[in-house]
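Return a 3D structure for these sequence lines:
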Amino acid sequence: MISITNKTFNKFSVLSFFFLSLFFSFLASEVKAADKVINIKNVSLKHGILKVPHDSFSTIKFAKKLYSEPDRLVFDIYNAELKGKNKSYDLDDGPIKKVKVAQFEESIVRIVIQSDDRALLHKIKIDNIGQTIYFNLSVNLTKVEDVKFKNGNLYIEADHPINVRSLILENPERLVVDLIGAYLRSSSLKVNLSTGYESIKVSQFNKSTVRIVLAGGKDYDQREIKQSSNERELCVVGPDSDDVKIVPILKDKLLNMNLIDRKDKGTVFIVESSKDIDYKFLYLKKPERFVVDLVDVAFEESLRANQFRETQYVSNVRFGLATLGKPVTRIVFDLKQNGLKANIIKSSNNKSLTVVVAPEESTKADANDEASAKLQEEDAVAGDEENSDLDLSGIPSHKKIEKKVVLDAGHGGYDPGASYGGHDEKDVTLSITRKVKAILEAKGVKVYMTRSEDRFISLAERVEISKSITPNLFVSVHVNAIATNPDMDGLQTYYYSRNGYQVAKVMHKELLDKVGMPNRNIRKAAFWVCKYTRAPSVLLELGFMTNKHERKKLVSDSYQDKLAKGVAAGIIKYLNK
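Model (predicted):
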């Protein structure tokens, strides 16, 4: 610490003092810049899944590209630093030959996936769940040998280790468990039953995914999924079952949890784990609460005996095993007032996490607020430059200033939406939405996206993002499907509120006029994003994936340009009213 007395200070020249101030400003800017670097470590490859853990809450800037001779997929993560040594995996027993993870440049981590099958590289799925990027490289499918329901639990047995992902969907609330890279041995293994308190369905969702859906029950965010030590047996535990003889999938455990009330700093919560902590943070409202999900860590039952007393900012702490996206230990902080923020700090060994809950000191969004971080996506989309040369002719000028629009690309991540002919709805909606964004921004409209990359975003999160922005318009982009009528094609526009109907009329007409697609009418429906978003909102179904002729157009770049122009024209026409 430097102490400067009056006598000493008189010896400083004005110039010296200026440079001293400049030096400390430089240090502060360096610290601030360092906070933005994405740290990547503990990369692993298991059962055809490449896991790339990171510490970013905001949208990750990345680019991917296919190269030849040899055929390889290159995935660059920008503003990232690989902690530890470069990784290289040789896979000689399948079409994926080699996987490399390395620090390519000072701020770029490069992932290279090499294969003899170029078509396979197009099919690699990339998900960003919590603070981990998942590359699904699996091509050898796991065969589900047996499915049985016993003592309130659903048991699955397979011939190879099972890759499991789960999510909670709403309206109605249901738990979806996907067995990735798996198929049912026989159609006789399909399940469709009612237990009296919920319905359970097991089916072949697509060629490489077995889907389990549980609906009608309660507390799905606390439902346990357990897996045997060899990972070939799986159990979805019933709500009233406590005797499941199977080794939990989560082998790492929480070691300790403490809640401390520090009047000067706020409420301090400290959690320790037996493994490096990967976590996801959520801010939820009505009621106000913070949620911390610890990924792949089992809740230790002995910790239930810990007494968490009410503090100045937290009325209660709840915890248990959840299944949102991946199996996690969920910790919920019930807040006593609005305007609180959470400052989250990892220990140097990454096995301890400290959460400090205190009042917000400024109007700026906190970096740990996931919803606020997502608002920056309009500046973080790698690849938007590919839409910079879109033809803007025929698009009206945007007459009014400071108008905000939220664009919502339907589905994403491990939720592909309608999947036909080797194409997923999530990819079509994201491509079109990016093009709409480029057109609107060229016309001076401020645009936000609920997702700007291939990742899963829940319906509730999409609504929360919109509420935090308070836009003038919310537009959700989807592509339809009806397997029982493969000849159906054309445009359907959905709304819920009276304001939504006014938007729907304008946008439906613009799309019909500019694209020339068949008219399948304007309809009212209680879609979650339309019903609960406060802004005027519509949900667009821009054609049918089940119609092979329309599907061929939907996946083409030129037709997506036409659709994007129609959507953008409708948005601007509505804003100009």
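
quick one: what helix or strand has residue 240 in it?
Using DSSP states H and E, residue 240 maps to neither a helix nor a strand.

who's in contact with residue 80?
Residue 80 sits next to 37, 38, 39, 40, 54, 60, 107, 108, 109 when contact means Cβ atoms under 8 Å, 6 or more residues apart in numbering. (C-beta placed from N, C-alpha, C; glycine too.)

who wins for neighbours among those?
Highest neighbour count within these, by other Cβ atoms under 10 Å: residue 109, with 26 neighbours.

Quick check: beta-bridge partners of that one?
residue 77, residue 103 (DSSP bridges).

What of residue 268?
residue 260, residue 356.

Quick check: it touching residue 312?
No - judged on Cβ atoms under 8 Å, residue 268 makes no contact with residue 312 at a distance of 11.2 Å.

which residues are in contact with both of the two?
Common neighbours of residue 268 and residue 312 (Cβ under 8 Å, 6+ apart) are residue 261.

When you compare pLDDT across the contacts of residue 80, which one is lowest?
pLDDT is lowest at residue 60 among the contacts of residue 80; the value there is 78.

Pull the contacting residues for it.
Residue 60 is in contact with 38, 54, 77, 78, 80, 128, 133, 380, 453, counting by Cβ under 8 Å, 6+ apart.

any idea what sits nearest the residue nearest the centre of the chain, other than its immediate chain neighbours?
The geometric centre of the chain, computed from its C-alpha atoms, lies nearest to residue 456 (Cα atoms, centre = their mean), at 3.7 Å. Closest residue to residue 456 apart from its sequence neighbours, by Cβ to Cβ, 6 or more residues apart in numbering: residue 413 at 3.1 Å.

I'd guessed that neighbour sits against residue 128; true?
Yes - using Cβ under 8 Å, residue 413 is in contact with residue 128, at 6.9 Å.

Common neighbours of those two, please.
With Cβ under 8 Å, 6+ apart, residue 413 and residue 128 have common neighbours 454, 455.

Would you mind checking which helix or strand in this protein has the lowest mean pLDDT?
helix 370-374 (a mean of 36; mean pLDDT, DSSP states H and E).

Could you chop the chain up by domain?
What automatic domain parsing lists as the domains of the chain is 38-136, 142-236, 254-368, 381-575.

which regions of this protein lie under the pLDDT threshold?
Residues of the chain meeting the criterion pLDDT under 70: 1-36, 57-59, 92-94, 129-130, 138-140, 241-253, 299-307, 321-327, 361-394, 397-401.

At which residues are the helices of it located?
Taking DSSP state H to define them, one finds helices in the chain at 6-10, 14-35, 118-123, 370-374, 425-442, 459-469, 498-515, 528-531, 548-554, 557-575.

Can I get these in TSV including mean neighbour count and distance to residue 290?
What follows is the helices of the chain, written out as TSV (neighbours: other Cβ atoms under 10 Å; distance: least, Cβ to Cβ, whole Å):
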stretch	mean neighbour count	distance to residue 290
helix 6-10	8	45
helix 14-35	10	20
helix 118-123	14	38
helix 370-374	20	10
helix 425-442	23	29
helix 459-469	20	13
helix 498-515	19	32
helix 528-531	20	23
helix 548-554	17	40
helix 557-575	22	34
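
Just put the ones you listed in CSV and tack on distance to residue 539.
Below are those laid out as CSV (distance: least, Cβ to Cβ, whole Å):
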stretch, distance to residue 539
helix 6-10, 66
helix 14-35, 37
helix 118-123, 28
helix 370-374, 20
helix 425-442, 11
helix 459-469, 11
helix 498-515, 9
helix 528-531, 6
helix 548-554, 17
helix 557-575, 12
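
Out of those, the one nearest residue 406 is which?
helix 459-469 (4.9 Å; Cβ to Cβ).

Residues contacting that closest one, please?
Helix 459-469 has contacts (Cβ under 8 Å, 6+ apart) with 169-171, 282, 284-285, 370-372, 374-375, 404, 406, 408, 448, 450, 457, 474, 476, 528-529, 532-535, 537.

Would you agree residue 333 is in contact with residue 357?
Yes - using Cβ under 8 Å, residue 333 is in contact with residue 357, at 6.4 Å.

Distance of the closest residue to residue 179 other than its chain neighbours relative to residue 200?
With sequence-adjacent residues excluded and distances taken as Cβ to Cβ, 6+ apart, residue 179 is closest to residue 210, at 4.1 Å. For residue 210, the distance to residue 200 (Cβ to Cβ, to the nearest Å) stands at 13 Å.

Please identify which of the two sits among more neighbours.
residue 210 (27 against 20).

Residue 176 is in contact with that one, correct?
No - the criterion here is Cβ under 8 Å, and residue 210 misses it with residue 176 at 11.3 Å.

that older thread, I'd like the contacts of residue 80 laid out as CSV, including distance to residue 219.
Shown next, in CSV, are the contacts of residue 80 (distance: Cβ to Cβ, whole Å):
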residue, distance to residue 219
37, 38
38, 34
39, 34
40, 34
54, 30
60, 32
107, 43
108, 43
109, 39
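
Of those residues, which belong to strands?
Under the assignment DSSP state E, those contribute 38, 39, 40, 108, 109 to strands.

which ones are touching residue 78?
Residue 78 neighbours (Cβ under 8 Å, 6+ apart): 60, 61, 62, 63, 107, 108, 382.

So what does the residue nearest to the centre of the chain have for phi and psi?
phi -80, psi 130 (degrees, to the nearest 10).
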